[in-house]
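Asks: Below is the sequence, then the predicted model.
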Amino acid sequence: MGGCCSKNGKGAGVIDPANMDLQPQAVNEMSGSVMPPFAGLNPKELTELEKRFKLLDANGDHELTEDEFCKAFGSPHLGKALFQAFDVSKNGRIDLREFIGGLSILSKGSITDRLHFAF
């Protein structure tokens with residue numbers, strides 16, 4: 001699997017979506033988190049979600065802050081609750097993998113997966 005991180009001026013790893021392999025095999029290899037692989041998303045759906053992520057990423061740093069993420073929802077309470085669920089790494093930011101992983105569970109996951117994810 002190719003690398004998805006590049007170094008910014010400060011030497012910290014930054015997710016570079018352009019270099020991410022989002023095919024099912026690579027997704028299975030990437031998921032070291034609580035969330036299962038991107039449940040049943042096809043390449044077209046993955047591409048669409050990546051575009052939506054980029055639109056939400058106002059500052060272009062390849063991560064979503066809570067404010068950036070919450071702008072997509074009419075309810076600040078819903079946005080904050082989903083942000084906390086999507087932020088698997090608990091670093092206060094959502095990267096592309098967390099974003100797609102959360103949305104895949106909500107849209108295509110089983111009832112059990114969705115309940116586990118929500119609580």
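Replies: Sure, I can see it.
Asks: what about F69, neighbour count?
Replies: 23 (other CB atoms under 10 Å). (Glycine included, C-beta is placed from N, CA and C.)
Asks: Give me the spatial nearest neighbour of it, chain neighbours excluded.
Replies: Distance criterion CB to CB, 6 or more residues apart in numbering; nearest residue to F69, sequence neighbours excluded, is F83 at 4.9 Å.
Asks: Let me know how buried that neighbour is, in neighbour terms.
Replies: Count around F83 with other CB under 10 Å applied: 22.
Asks: got a pLDDT number for it?
Replies: Among the per-residue scores, F83 holds a pLDDT of 94.
Asks: Likewise for P76?
Replies: For P76, pLDDT reads 84.
Asks: about what we covered before: following the chain onward from the helix or strand the residue nearest to F69 falls within, which element is next?
Replies: Under the criterion of DSSP states H and E, F83 resides in helix 76-86. Under the assignment DSSP H and E, the closest C-terminal helix or strand after helix 76-86 is strand 94-95.
Asks: Would you map the helices across the protein?
Replies: Applying DSSP state H to the chain gives helices spanning 24-30, 43-56, 66-70, 76-86, 96-108, 111-118.
Asks: quick one: contacts of the third one?
Replies: So the one you mean is helix 66-70. L56, D57, A58, N59, P76, G79, K80, L82, F83, F86, G92, I94 (CB atoms under 8 Å, 6 or more residues apart in numbering).
Asks: can you do 10 Å?
Replies: 53, 55-59, 61, 63-64, 76-80, 82-84, 86-87, 92-94, 99, 102 (CB atoms under 10 Å, 6 or more residues apart in numbering).
Asks: Generate a PyMOL selection restricted to the buried subset of those.
Replies: Entered in PyMOL, the line below selects the buried ones among the contacts of helix 66-70, by 16 or more other CB atoms under 10 Å:
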select buried, resi 53+57+63+64+79+82+83+86+87+93+94+99+102
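Asks: Thanks a lot, see you next time.
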